[in-house]
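Undergrad: following is a predicted model, sequence given first.
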Amino acid sequence: MPVLRSSAALLALGLLVLMPQAHALSKRDQAAVDALNQRMQAAETRYRQGLVKIGNADPAGRTEVDAALEDMEDVMAACVKQKGCSPTTMLTAYKRLLKQNADLASGDEVPEDNDDEGAGSFTADVPEAARAAALLSADGQQFVKMVQYNPAVQAGIRRWLTDMRPSLIDSFENYQYLRQTMWPQFQRAGLPEALLFGVMAKESNGRVHSTSRAGAAGPMQFMYATGRRFGLGEDGSGFDTRYDARASAAAAAEYFNERLGTLNRSIELSLAAYNGGEGRAQRVFNTTGGRNFWDESVYNQFPAETRDYVPMVIAAAWLFLHPKEYGLTMPKVDARPASLRLSKPSSIYELTICLGNGGTREGYMRALRNLNPRYQADQYLPTGTMLAATSKIVGLYGRYCMQGQRAELAHTLVLSDASSAIVRTGPVTPVSDDTVYEAESAGTGSAGAIAAPKPAKPAKPSKPSTYTVKRGETLTAIAQKFQCDTGDLAKANKLKAPRFAIKPGQKLKLNGCDG
């Protein structure tokens, strides 16, 4: 974490004692002082932006922070030489950043300069705290000014804080792992982060592989046709990029900017278009003279689902920006990105077991699934596979998953087959009615012993060519059962990644399987 140069601050304090009080200034001197103040403000802004980049794992952040500090020192040195320039004013920015660094080093939340309690409780680590400090003053205020905080939104907040509170918390935790890939897409598009979180929370709760009955897919729940228009869909490998967090966020940002441009910059109408169809939203907008979403003539033309959707998204976004105001404290999530290289074959299921909870509520399966959307949870991945993960996951992997009792136990549990628990004592030979009649005719009757026919020598089982899917089975489990590759089995049956969806009763061709 960058630390302010204390020598420059001490120098300024010493000079402050020696500086005479400024009296009336000429226009020229006043203009010079104003220019120095603007340079200091710009340097402070640059410093905070550098912290945000560091939080986003952008290597340019460190360079920007150092350059901003050098600018501040230059301004303070120039202030000493400039008539009428007050080192006290210049030192204020240094004091703010010194305080921020102290708070960040201790893990405390960073309040706004105006003491407004913003998204501080949504911070997880030092860079995230710096990002949260600027959220309300820029990005957050942008969103607040674009929406109405009315009783419909308040009712949505009530729902998020009562029966839907677990969903909100899940959404936040999932978003922390995805933020490094999703937020930059909205940031580059000039859209508020709160909007991204609100939409994602309402659409999927941050579950990358979420799919609706209507066919919407991914964390932002794009329909297939709409997704195609914004560059989403099959990428040639069988993977649908609607499930990719980065791609879906970029598409959503492009979609919202397009809608905002045609709907008078209305967040509510843009959300209505996202949920209820852009054609309907544009038609309503045109026929009502561009009135606001909350106008009765507009509101009543949207279906009940959309009338519920719009305030619920805004409510989730509002809570993202103002958690403390509602007594909402989210758990801290260590989501620092890192790469995990498998030292032996494994699956996300197996990793989930051996990693344990590691200080989380529910473990790491959702995080690994979200960060690696191309892989199924039960898909066995070869040695050397690189997975997107976090530094915490990488550390737990080295400790518990490479070798040892927990690693062996996880492997045993993942490969367990419930059908193998059924005990078979031998072939069952049914007794026909004719056999019973012949036995009775011989005088043995039902009380006599009936000689069981000699069982025929079992024929050597032939290699099966098809298999009927049973309830609860996955393609990977079937591939393991018949000793074939999951990808080859999917290709033979024209199953699309990443879901490889199958259903009970479906017949699969076992091409390439050993049986």
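TA: Good, I have the coordinates. Numbering: from 1, shown residues only.
Undergrad: for the helix or strand harbouring Ala479, output the C-alpha coordinates as CSV.
TA: Using DSSP states H and E, Ala479 sits in helix 475-481. Taking Å, rounded to 0.1, in the frame of the first residue of the first chain, the C-alpha atoms of helix 475-481 are listed here in CSV:
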residue,chain,number,x,y,z
LEU,A,475,-22.6,-36.4,-18.0
THR,A,476,-19.3,-36.5,-16.2
ALA,A,477,-20.5,-39.2,-13.9
ILE,A,478,-21.6,-41.3,-16.9
ALA,A,479,-18.3,-40.7,-18.6
GLN,A,480,-16.5,-42.0,-15.6
LYS,A,481,-18.8,-45.0,-15.3
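Undergrad: which residues in the stretch 201-350 of the chain form strands?
TA: Applying DSSP state E, counting those that start in this stretch to the stretch 201-350 of the chain gives strands spanning 337-341.
Undergrad: got it, and the stretch 351-500 of the chain?
TA: With strands called from DSSP E, counting those that start in this stretch, the stretch 351-500 of the chain shows them at 386-390, 466-468.
Undergrad: what comes up buried for the helix holding Ala479?
TA: Residues of helix 475-481 classed as buried: 475-480 (neighbour count, 16 or more other CB atoms under 10 Å). Backbone N, C-alpha and C define where each C-beta goes, glycine included.
Undergrad: same deal with stretch 277-297?
TA: Neighbour-count burial for stretch 277-297, counted by 16+ other CB under 10 Å, picks out 277-278, 280-281, 284-285, 291, 293.
Undergrad: contacting residues for Ala317?
TA: Ala317 makes contacts with 143, 147, 192, 194-195, 197-198, as judged by CB atoms under 8 Å, 6 or more residues apart in numbering.
Undergrad: one more pass at 7 Å, please.
TA: 143, 194-195, 197-198 (CB atoms under 7 Å, 6 or more residues apart in numbering).
Undergrad: ok, Gly359 - how many residues close by?
TA: Number of residues near Gly359 (other CB atoms under 10 Å) recorded here: 11.
Undergrad: also Ala225?
TA: A total of 9 residues lie near Ala225 under the criterion other CB under 10 Å.
Undergrad: distance of it relative to Ala214?
TA: From Ala225 over to Ala214 the distance is 12 Å, taken as CB to CB, to the nearest Å.
Undergrad: tell me which helix or strand of the protein sits lowest on mean pLDDT?
TA: Lowest by mean pLDDT, DSSP states H and E among the helices and strands of the chain is helix 126-134, with a mean of 38.
Undergrad: closest one of the buried residues of stretch 277-297 to Ala338?
TA: Glu278 (39.2 Å; CB to CB).
Undergrad: not counting sequence-adjacent ones, nearest residue to the closest one?
TA: Spatial nearest neighbour of Glu278, excluding adjacent residues (CB to CB, 6 or more residues apart in numbering): Arg259 at 6.4 Å.
Undergrad: can I assume Ile169 is in contact with Val333?
TA: No: counting by CB atoms under 7 Å, Ile169 stays clear of Val333, with 10.7 Å between them.
Undergrad: neighbour count: these two, which is higher?
TA: Val333 (23 against 17).
Undergrad: hang on, isn't the more buried one packed against Glu173?
TA: Yes: under the contact definition of CB under 7 Å, Val333 touches Glu173, with a separation of 5.6 Å.
Undergrad: any idea which of the buried residues of stretch 277-297 is closest to Pro323?
TA: Nearest to Pro323 among those, with distances taken as CB to CB, is Phe293, at 25.4 Å.
Undergrad: got a list of what the closest one touches?
TA: 266, 268-269, 272, 299, 310.
Undergrad: list the ones among those that fall in helices.
TA: Using DSSP state H to define helices, the subset of the contacts of Phe293 located there is 268-269, 272, 299, 310.
Undergrad: buried ones only from these, please, as a ChimeraX command.
TA: The ChimeraX command for the buried members of these (criterion: 16+ other CB under 10 Å) is given here:
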select :268,269,272,299,310
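Undergrad: show me the shaky parts of the stretch 51-200 of the chain.
TA: Within the stretch 51-200 of the chain, the set of residues satisfying pLDDT under 70 comprises 54-59, 87-140.
Undergrad: same question for the chain.
TA: Along the chain, segments meeting pLDDT under 70 span 1-24, 54-59, 87-140, 426, 428-462, 498-499, 514-515.
Undergrad: identify the single longest helix in it, thanks.
TA: helix 27-55.
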